[in-house]
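**Q** quick one: sequence plus predicted model below, questions after.
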Amino acid sequence: MRKFMIAATLGLAIIIPGSGARAQVDLSTYADADGFLDVQALTCAQLAGTWQDQADLLSAWYSGWYNGLAKRHYMDIRKGREAEHELIVYCKANPQLRIIQAIDVGFKSKRERLGIKVQ
């Protein structure tokens, strides 16, 4: 009985508005009528509020996009996971930003740490 009460309480905490708990939202919610996501318009709140597998997918897409722009054709899985984690942490703290703005902050921070000057 005690286990049932604990489970019921946890279930209600997820359902009751204002309880602090949020349900995850599928990224398809933000797609247009043809099923496409405008990845330049997605916000940090949307990234932080989706399922982990969808956040992984979106992070991989952004990584491919930026690596393509840089004409790089390789991937460091460990660094990619670290970058995704840092992005999600930053996005949770700054939900009002677009994801591409948060990525830009991350790039600038990394260049600064490495002493890279951009003209």
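**A** Done, it's in.

**Q** what sits against the spatially most central residue of the chain?
**A** Geometric centre of the chain, nearest residue: L47, 3.5 Å, by Cα atoms, centre = their mean. Contacts for L47 (Cβ atoms under 8 Å, 6 or more residues apart in numbering) come out as 55, 58, 87-88, 91, 99. C-beta coordinates here come from the backbone N, C-alpha and C atoms, glycine included.

**Q** okay, these in CSV with secondary structure, neighbour count and pLDDT next?
**A** Formatted as CSV, the contacts of L47 follow (DSSP: H, G, I helix; E, B strand; the rest coil; neighbours: other Cβ atoms under 10 Å; pLDDT from 0 to 100):
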residue, secondary structure, neighbour count, pLDDT
A55, helix, 21, 93
L58, helix, 20, 93
L87, helix, 22, 94
I88, helix, 19, 93
C91, helix, 24, 95
I99, helix, 24, 96
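
**Q** coming back round to it: could you verify that the residue nearest to the centre of the chain is part of a helix?
**A** Yes - judged by DSSP: H, G, I helix; E, B strand; the rest coil, L47 forms part of a helix.

**Q** tell me the confidence at it?
**A** pLDDT for L47: 95.

**Q** measure it to V89 for me?
**A** 11 Å (Cβ to Cβ, to the nearest Å).

**Q** tabulate the CA atom coordinates of stretch 78-95 in PDB.
**A** Extracted in PDB, the C-alpha atoms of stretch 78-95 (Å, rounded to 0.1, in the frame of the first residue of the first chain):
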ATOM      1  CA  ARG A  78      32.700  12.000 -26.600                       C
ATOM      2  CA  LYS A  79      33.100  15.700 -27.300                       C
ATOM      3  CA  GLY A  80      29.800  15.700 -29.100                       C
ATOM      4  CA  ARG A  81      28.000  14.300 -26.000                       C
ATOM      5  CA  GLU A  82      29.800  16.800 -23.700                       C
ATOM      6  CA  ALA A  83      28.800  19.700 -26.000                       C
ATOM      7  CA  GLU A  84      25.200  18.500 -26.100                       C
ATOM      8  CA  HIS A  85      25.200  18.300 -22.200                       C
ATOM      9  CA  GLU A  86      26.700  21.800 -21.900                       C
ATOM     10  CA  LEU A  87      24.100  23.100 -24.500                       C
ATOM     11  CA  ILE A  88      21.200  21.600 -22.600                       C
ATOM     12  CA  VAL A  89      22.400  23.000 -19.200                       C
ATOM     13  CA  TYR A  90      22.900  26.400 -20.800                       C
ATOM     14  CA  CYS A  91      19.400  26.200 -22.400                       C
ATOM     15  CA  LYS A  92      17.700  25.300 -19.100                       C
ATOM     16  CA  ALA A  93      19.300  28.400 -17.600                       C
ATOM     17  CA  ASN A  94      18.400  30.600 -20.600                       C
ATOM     18  CA  PRO A  95      15.100  29.200 -22.000                       C
END
